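> here is a sequence with its predicted model. Questions after.
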Amino acid sequence: MAAPAPAEPADPASVGRIEAFLDALWLERGLSERTLAAYRTDLLGFARWLGRSDGNLEQADQAAVLGYLAERVQAGARPRSTARLLSTLRRFYRWLLREGVVQRDPTAEVDSPRLGQPLPGALTESEVEGLLAAPDTGDPIGLRDRAMIECLYASGLRVSELVGLRLGQVNTRQGVVRVIGKGDRERLVPLGEAALDWLDHYMGSARPELLHGRVSDAVFVTARGGGMTRQAFWYRIRHYAVVAGIRKPLSPHTLRHSFATHLLNHGADLRVVQLLLGHSDLSTTQIYTHVARQRLQELHAEHHPRG
């Protein structure tokens, strides 16, 4: 059996910077050889990756850092491993900045993956279908709930964004909603035909019946004519999960997480999912990719000559 090919060497200038950085760490912090070796491995890996496109550590920008992290996540790196790698890169570039080697830290605006708070388990596509079918759409409240669940799953909106929708934010002719998300960032999100059909049905019949002649700017209203609240909606969601026989624990992000997971499983580009979710940073969206393994395996099996 042939030995595996050795890793491509990093360029000498990058190796020199890395060793100077490690020397500084040893002098300033007294770190162990084992810790320094871990730093060296992380930095050399990034340097080699940059070298594949004729780049180097001093030229790396934020896009390069994000691209490397994304590739690592897609290859199976866990959030804790990604956070450790990003921490290494941060310390290295802060040192380069301090030494006057670079003018800008490319890691400064890259968010670390959240640790200790794993994402909620996504529902399967069949479970989502069961949840969608659970409301009694012959009843105005059931029809409202069906429209809300359809819109949530079709758009990946945060629950707070969904219940906060106002009439002026919905354009049924273009099939989009205009959402003001975190940091007052605005985005346009498509709803899809199924969600639009249910939304039109609700707006034309159930909503006027629930309002009883009262006036409200809220898209989704209660039987008392007020806007739906996040807490009330998730009480309804848990009820329909029981009706549909779904035993998994649900959270306010379950359908949002399912939306992202199913898009990735069906081949959506990570940056498209980032835009739809309203993430300001791709590194936040990358955390979702660990649940899209099935699609990646299928693509490998379909396209790789030895798949």
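That came in fine, so what should we check first?

> where do the helices sit along the stretch 51-200 of the chain?
Counting by DSSP state H, counting those that start in this stretch, the stretch 51-200 of the chain has helices at residues 62-74, 79-98, 125-133, 140-155, 159-163, 193-201.

> residue 271: neighbour count?
13 (other Cβ atoms under 10 Å). Every C-beta, even on glycine, is put in place using the N, C-alpha and C of the backbone.

> returning to what we had before: tell me which of the helices of the stretch 51-200 of the chain lies nearest to residue 218.
Proximity to residue 218 (Cβ to Cβ) singles out helix 159-163 among the helices of the stretch 51-200 of the chain, at 8.0 Å.

> where does pLDDT dip in the protein?
Applying pLDDT under 70 to the chain flags residues 1-10, 113-121, 181-183, 252, 270, 272-307.

> can you show me the strands along it?
Using DSSP state E, the strands of the chain run over 170-171, 176-180, 186-190.

> deepest of those, which one?
With neighbours defined as mean count of other Cβ atoms under 10 Å, those peak in mean count at strand 176-180, which reaches a mean of 18.

> given it, what are its sheet partners and their directions?
Applying DSSP bridges, strand 176-180 is found paired with strand 170-171 (antiparallel), strand 186-190 (antiparallel).

> for the longest one, C-alpha coordinates in PDB please.
Included here for strand 186-190 are C-alpha records, laid out as PDB according to Å, rounded to 0.1, in the frame of the first residue of the first chain:
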ATOM      1  CA  GLU A 186     -33.500  44.700   5.900                       C
ATOM      2  CA  ARG A 187     -33.800  41.800   3.600                       C
ATOM      3  CA  LEU A 188     -36.300  40.500   1.100                       C
ATOM      4  CA  VAL A 189     -37.300  36.800   1.500                       C
ATOM      5  CA  PRO A 190     -39.300  34.700  -1.000                       C
END
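
> off-centre distance for that strand?
Counting by Cα atoms, centre = their mean, to the nearest Å, strand 186-190 is centred 15 Å from the centre of its parent chain.

> repeat for stretch 209-221
With Cα atoms, centre = their mean, you get 33 Å for stretch 209-221.

> so which bits of stretch 85-105 are buried?
Neighbour-count burial for stretch 85-105 flags 85, 86, 88, 89, 90, 91, 92, 93, 95, 96, 102, 105 (criterion: 16 or more other Cβ atoms under 10 Å).

> so which of the residues you listed comes closest to residue 153?
The closest of these to residue 153 turns out to be residue 86 (Cβ to Cβ; 31.5 Å).

> enumerate every residue touching the closest one.
For residue 86, the contacting residues are 65, 69, 107, 110, 112, 283, by Cβ atoms under 8 Å, 6 or more residues apart in numbering.

> domain assignment for this structure?
12-98, 125-298 (automatic domain parsing).

> sorry, back to before: just name the most buried of the helices of the stretch 51-200 of the chain.
Highest mean neighbour count among those (mean count of other Cβ under 10 Å): helix 140-155, with a mean of 23.

> and that one, what other elements does it pack with?
helix 125-133, helix 159-163, strand 186-190, helix 193-201, helix 207-211, helix 230-243, helix 254-265 (3 or more Cβ pairs under 8 Å, 6 or more residues apart in numbering; DSSP states H and E).

> now those as TSV including distance to residue 11?
Formatted as TSV, those follow (distance: least, Cβ to Cβ, whole Å):
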stretch	distance to residue 11
helix 125-133	46
helix 159-163	46
strand 186-190	40
helix 193-201	51
helix 207-211	63
helix 230-243	52
helix 254-265	34
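
> out of those, the one nearest residue 31 is which?
helix 254-265 (37.8 Å).

> figure out how far the closest one is from the centre of its chain.
Average the C-alpha atoms of helix 254-265, do the same for its chain, and the two points are 9 Å apart (Cα atoms, centre = their mean).

> could you do stretch 96-115 as well?
Centre-to-centre, stretch 96-115 and its host chain are 22 Å apart (Cα atoms, centre = their mean).

> which residues sit against that stretch?
Residues beyond stretch 96-115 that count as contacts (Cβ under 8 Å, 6+ apart) turn out to be 17, 21, 57-58, 60-62, 64-66, 69, 79-80, 82-83, 86-87, 89-90, 93-94, 281, 283-284, 286-287.

> farthest pair within the contacts of residue 86?
By the measure Cβ to Cβ, these have their two most distant members at 65 and 112, which lie 11.8 Å apart.

> tally of neighbours for residue 262?
So residue 262, with other Cβ under 10 Å, has 20 neighbours.

> tell me the contacts of it?
With Cβ under 8 Å, 6+ apart, residue 262 has these contacts: 122, 125, 128.

> so the last one versus residue 243, what's the distance?
Applying Cβ to Cβ, to the nearest Å, one obtains 14 Å for the distance of residue 128 from residue 243.

> nearest to residue 53, of the buried residues of stretch 85-105?
Distance to residue 53 across the buried residues of stretch 85-105 (Cβ to Cβ) is lowest for residue 89, with 17.2 Å.
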